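S.K.: no sequence on this one, just coordinates:
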């Protein structure tokens, strides 16, 4: 069973440009993972890992259209 997750658990910087009330953790999984890894903190990254699992996060990250250079190197080494 997945841990319950609330958008309020994420740092303010992760989702500052979208309406948080409309996020659905299942339907918007790719978007949430993308925001957490590109704009979030280490804690945000751990939240998505705990909720979605390492395999899904790794698969999603590999298919992202954009990652800054620093995030790309981190992801490459982490996964």
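M.R.: That came in fine, so what should we check first? What you see is a predicted model, and the numbers here were worked out from it, not measured in a lab. Residues are numbered from 1 along each chain as shown.

S.K.: check what pLDDT the residue nearest to the spatial centre of the chain gets.
M.R.: Closest to where the C-alpha atoms of the chain average out (C-alpha atoms, centre = their mean) is residue 33, at 2.3 Å. Looking at residue 33, its pLDDT is 94.

S.K.: and it, what element?
M.R.: helix 29-39 (DSSP states H and E).

S.K.: and that helix, how far out from the chain's middle?
M.R.: Centre-to-centre, helix 29-39 and its host chain are 3 Å apart (C-alpha atoms, centre = their mean, to the nearest Å).

S.K.: what of stretch 42-51?
M.R.: Offset of stretch 42-51 from its chain centre (C-alpha atoms, centre = their mean): 7 Å.

S.K.: contacting residues around that stretch?
M.R.: By C-beta atoms under 8 Å, 6 or more residues apart in numbering, the residues outside stretch 42-51 that reach it are 2-3, 5, 9-11, 14, 25, 32-33, 36-37, 57. (C-beta placed from N, C-alpha, C; glycine too.)

S.K.: one step back: just checking, what packs against the helix holding residue 33?
M.R.: Under the contact criterion of 3 or more C-beta pairs under 8 Å, 6 or more residues apart in numbering; DSSP states H and E, helix 29-39 touches helix 42-52, helix 54-62, helix 69-78.

S.K.: of those, which shows the lowest average pLDDT?
M.R.: helix 69-78 (a mean of 91).

S.K.: no further queries at this time; thank you.
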